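*Asks:* My questions are about this predicted structure, shown below with the sequence.
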Amino acid sequence: MKKLSLFLILLICAVLTQAQIATNIYWVKFTDKANSPYSIDNPEEFLSARALERRARLNIAIDEYDIPVNPQYLQAVADCGAQLLNPSKWLNGVSVYTNSAAVVAAINELEFVETVRNCPNFPEAQREKERWLADEMKIVENSVVSRGYYGGAETQVSQLRVNDLHNMGYDGTGIVIAVLDGGFIGTDIHSCFDNMRAEGRFLGVRDFVYGSESVYSQSTHGTSCFSTMGAYDPNNMVGTAPKASYYLFHTEDGNGENIVEEYNWVSGAELADSLGVDVCSTSLGYITFDMPQWDHPFSHFDGHTAPMTIGAEIAASRGMLCMNSAGNAGEGTCTLGIPADAEHIITVGAVDANGYRADFSSVGPTYDGRIKPDVMAMGEATYVASGYPDWQLYYNGNGTSFSCPVLAGAMACLRQACPNASVQEICDAVRAAGNNASSPNSYDGYGIPDFTVALAMLNDNVNEVESGDEIVSVYPNPSNGVVKVAVYDEVTVYGITVYGITGNVLFNTNNINELETTLNALGSGVYTIRVNSELGSQTMKVVICK
């Protein structure tokens, strides 16, 4: 069979989703990818140039997961009479629609079909999801309102010190973010996205639920989440990644709570990967479904069982930074929603403007004992854009759905600053930069990260020596607040200056003991130390995380 171009593959994916979603949905899993017309030796046929550049930059190999679903298998399923919806190369299957038991039986008889999973919709679990969505979208009182450059979003931005990254020039420029959610009513008309549209940074949409050409239906939830990153309306609202570029993918079905939505999400993440997306932000979570036999018991929260968790892990292995909301179920025994249990993503809980955990924010640990959430961001009284701007432009809402994209935008700025850092390195730095990093737990995770500290940890030029031999050593670096200072070879020190992140002088001395005392008294942050001695001068950065 003649190999297909990337454009044709994406076109096929669009056509496959042109189906009326009803109750008779099935997931068809294939046994293999044998006799595929695609090869890892020709990845340009199924991955964009941008995706390949990211793989090369991060030294990530092309493998079998990247090979699309065998089109011959898809055609055979369609020939049985089923309507194809969304294929998934990572999970090696396809979701289909049919109301015929005979069609299902025929698909089951295909030699390359491993299983056929029924995924019908019933209303009860969806009503539960709608209740917590309604709580998130509810307008709440906010006593902390600013009308500076960031407008009402100033607290949620500055709490992570993302404003300092912006001041350094890291505002998301050149970074591509995919937002996967349940609908984006109002995004196409809201003024806070005018700058993005004018600059051509709104890259496209895809509907994995209905297969329509629009995602501006069903819910305003995605619009509000998106705004915490992408809004650019100075003095009213500026988000955490105001100059990034964006894709919007509709994967959550508002008409039911169906496990096929997890498969929708995986297909969306695959598309994001193929387009070269850098950051994925998802404010969704799944525990119970309309069909109880597909519910996720505690044992599923082990990082490698649920379909969406498997997809999230593969997405991270492709080099994408993935963030997911922890959930809004509060305290209990692992109240997270899938895929918040995934090991190599950042799961985000919610705090208020003062940094205290919101009582609704879900907790871990995972079934296998890992700490989740990873970190926290502002999700109580978060400032967001309304999906109905003719009625109200902005409001304050509650939910980890909002803390997740607030942090995802910050991650985009960090990726811009550190284009060659691995997913693991960035995630580790963000955890280590949390204000609870010295004693992480399953309520607050590693705490609220200071992104200037995370940036310093990822800086390749820590402890650069200007004169040759090192004069002074400060260790450990990064530190949890207790450091030691050593002088090499009993060299004579003429003077030591400690600078803050903005270059302001904090301290001058020629005494090593005074330097050690001063450093141990400083709060969390990134500090520059310049030492002048008989051997010359040395400049180093010191990172303190208390």
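*Replies:* Looks like it arrived, so ask away.
*Asks:* If we go by neighbour counts, what in stretch 492-510 is buried?
*Replies:* Neighbour-count burial for stretch 492-510, counted by 16 or more other CB atoms under 10 Å, picks out V493, I496, T497, V498, Y499, I501, F507. Where you see a C-beta, it was placed from the backbone N, CA and C, and this is true even at glycine.
*Asks:* N520: helix or strand, and which one exactly?
*Replies:* Per DSSP states H and E: N520 is located in helix 512-521.
*Asks:* Would you mind listing the outside residues contacting the host helix or strand of L203?
*Replies:* Per DSSP H and E, L203 falls inside strand 202-207. Here strand 202-207 makes contact (CB atoms under 8 Å, 6 or more residues apart in numbering) with 14, 17, 176, 184, 193, 196, 213-215, 245-250, 268, 271, 275.
*Asks:* Check which element follows that strand along the chain.
*Replies:* Strand 202-207 is succeeded, C-terminally, by helix 221-230 (DSSP H and E).
*Asks:* any idea of the angle that next one forms with strand 202-207?
*Replies:* Taking axes from the mean of the first three to the mean of the last three CA atoms, to 10 degrees, helix 221-230 and strand 202-207 form an angle of 160 degrees between their directions.
*Asks:* just the buried members of the contacts of strand 202-207?
*Replies:* 17, 176, 184, 193, 196, 215, 245-250, 268, 271, 275.
*Asks:* From these, which land in strands?
*Replies:* When DSSP state E is applied, the buried ones among the contacts of strand 202-207 are split such that V176, S245, Y246, Y247, L248, F249, H250 fall in strands.
*Asks:* now those as CSV including pLDDT and distance to S100?
*Replies:* Formatted as CSV, those follow (pLDDT from 0 to 100; distance: CB to CB, whole Å):
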residue, pLDDT, distance to S100
V176, 98, 41
S245, 98, 43
Y246, 98, 40
Y247, 98, 35
L248, 98, 34
F249, 98, 30
H250, 97, 27
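*Asks:* Throw these into CSV and include distance to L47, thanks.
*Replies:* As requested, these are exported to CSV (distance: CB to CB, whole Å):
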residue, distance to L47
V176, 14
S245, 18
Y246, 20
Y247, 16
L248, 21
F249, 17
H250, 23
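*Asks:* Kindly indicate which of these lies nearest V363.
*Replies:* F249 (28.0 Å; CB to CB).
*Asks:* follow-up on the earlier one: can you pull the buried residues of the helix holding N520?
*Replies:* Neighbour-count burial for helix 512-521 [16+ other CB under 10 Å]: L515, E516, T518, L519.
*Asks:* could you say what helices and strands the next helix or strand after it packs with?
*Replies:* Per DSSP H and E, the first helix or strand lying C-terminal to helix 512-521 is strand 525-533. Other elements packing on strand 525-533 under the criterion 3 or more CB pairs under 8 Å, 6 or more residues apart in numbering; DSSP states H and E are helix 451-458, strand 472-475, strand 493-499, strand 536-544.
*Asks:* surely E45 meets S36?
*Replies:* No. At 10.8 Å, E45 does not count as touching S36 under the criterion of CB atoms under 8 Å.
*Asks:* re the thing from before, can you state the direction angle for the helix holding N520 and strand 536-544?
*Replies:* Calculated by the same axes, to 10 degrees, helix 512-521 forms an angle of 30 degrees with strand 536-544.
*Asks:* switch to numbering from 53
*Replies:* That works, and once the first residue is 53, the last one we named lands at helix 564-573.
*Asks:* what does helix 564-573 contact?
*Replies:* 524, 526, 533-537, 539, 545, 548, 550, 558-559, 561, 579, 581, 594, 596.
*Asks:* go with 10 Å
*Replies:* Applying CB atoms under 10 Å, 6 or more residues apart in numbering, the contact partners of helix 564-573 are 524, 526, 531, 533-539, 545, 548-550, 558-561, 563, 579, 581, 583, 594, 596, 598.
*Asks:* what is the mean pLDDT for that helix?
*Replies:* Taken as a whole, helix 564-573 has a mean pLDDT of 88.
*Asks:* Tell me where the stretch 103-252 of the chain has helices.
*Replies:* 123-131, 153-160, 175-189, 206-210, 214-219, 246-250 (DSSP state H, counting those that start in this stretch).
*Asks:* can you tell me which of the ones you listed the model trusts least?
*Replies:* When those are ranked by mean pLDDT, helix 175-189 comes last with a mean of 52.
*Asks:* Geometric centre of the protein: which residue is closest?
*Replies:* M375 (2.2 Å; CA atoms, centre = their mean).
*Asks:* right, and the secondary structure at that residue would be what?
*Replies:* strand (DSSP: H, G, I helix; E, B strand; the rest coil).
*Asks:* Could you do Y315 as well?
*Replies:* Per three-state DSSP, Y315 ends up helix.
*Asks:* mind showing which ranges of the chain have poor pLDDT?
*Replies:* Residue ranges of the chain with pLDDT under 70: 53-75, 172-198, 512-521, 541, 553-556, 586.
*Asks:* just checking, E116 touches S88?
*Replies:* Yes. With contact defined as CB atoms under 10 Å, E116 and S88 form a contacting pair (9.4 Å).
*Asks:* tell me, what's touching the two both at once?
*Replies:* With CB under 10 Å, 6+ apart, E116 and S88 have common neighbours K141.
*Asks:* So which of the two has more stuff around it?
*Replies:* S88 (18 against 12; other CB atoms under 10 Å).
*Asks:* now the more buried one, nearest residue through space, not along the chain?
*Replies:* N122 (4.9 Å; CB to CB, 6 or more residues apart in numbering).
*Asks:* again, but for C470
*Replies:* C470 sits nearest to L510 (CB to CB, 6+ apart), 4.5 Å away.
*Asks:* burial of that neighbour, as a residue count?
*Replies:* Counted with other CB under 10 Å, L510 comes out at 19.
*Asks:* tell me the contacts of it?
*Replies:* Applying CB under 10 Å, 6+ apart, we find L510 in contact with L466, A469, C470, N472, A473, E477, I478, D480, A481, V482, A485.
*Asks:* Which two of those have the greatest separation?
*Replies:* Pairwise distances across those (CB to CB) peak at 18.8 Å, for the pair N472 and A485.
*Asks:* out of these two, which sits in the more crowded spot?
*Replies:* A485 (30 against 10).
*Asks:* So the more buried one is in contact with L459, correct?
*Replies:* No. Assessed by CB under 10 Å, A485 is found out of contact with L459, at 11.8 Å.
*Asks:* which residues are in contact with both of the two?
*Replies:* With CB under 10 Å, 6+ apart, A485 and L459 have common neighbours L212, V427, I500, P501, F503.
*Asks:* Any chance of those in JSON lines with neighbour count and distance to N138 as columns?
*Replies:* Below are the shared contacts of A485 and L459 laid out as JSON lines (neighbours: other CB atoms under 10 Å; distance: CB to CB, whole Å):
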{"residue": "L212", "neighbour count": "28", "distance to N138": "34"}
{"residue": "V427", "neighbour count": "31", "distance to N138": "31"}
{"residue": "I500", "neighbour count": "23", "distance to N138": "36"}
{"residue": "P501", "neighbour count": "32", "distance to N138": "34"}
{"residue": "F503", "neighbour count": "24", "distance to N138": "35"}
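*Asks:* S333 belongs to a strand, doesn't it?
*Replies:* Yes. Under three-state DSSP, S333 sits within a strand.
*Asks:* separation between the closest residue to it other than its chain neighbours and P501?
*Replies:* Distances taken as CB to CB, 6+ apart put A460 closest to S333, at 3.7 Å, once the chain neighbours are dropped. Plainly put, A460 is 12 Å away from P501 if you go by CB to CB, to the nearest Å.
*Asks:* Now do the shared contacts for those two.
*Replies:* With CB under 10 Å, 6+ apart as the test, A460 and P501 both reach I398, A429.
*Asks:* hmm, back to that, just give me the closest of the buried ones among the contacts of strand 254-259 to C171.
*Replies:* T69 (15.4 Å).
*Asks:* domains for this structure, by residue range?
*Replies:* 58-170, 175-510, 524-596 (automatic domain parsing).
*Asks:* out of those, deepest packed?
*Replies:* Of the domains of the chain, the one with the most neighbours on average (mean count of other CB atoms under 10 Å) is domain 175-510, at a mean of 22.
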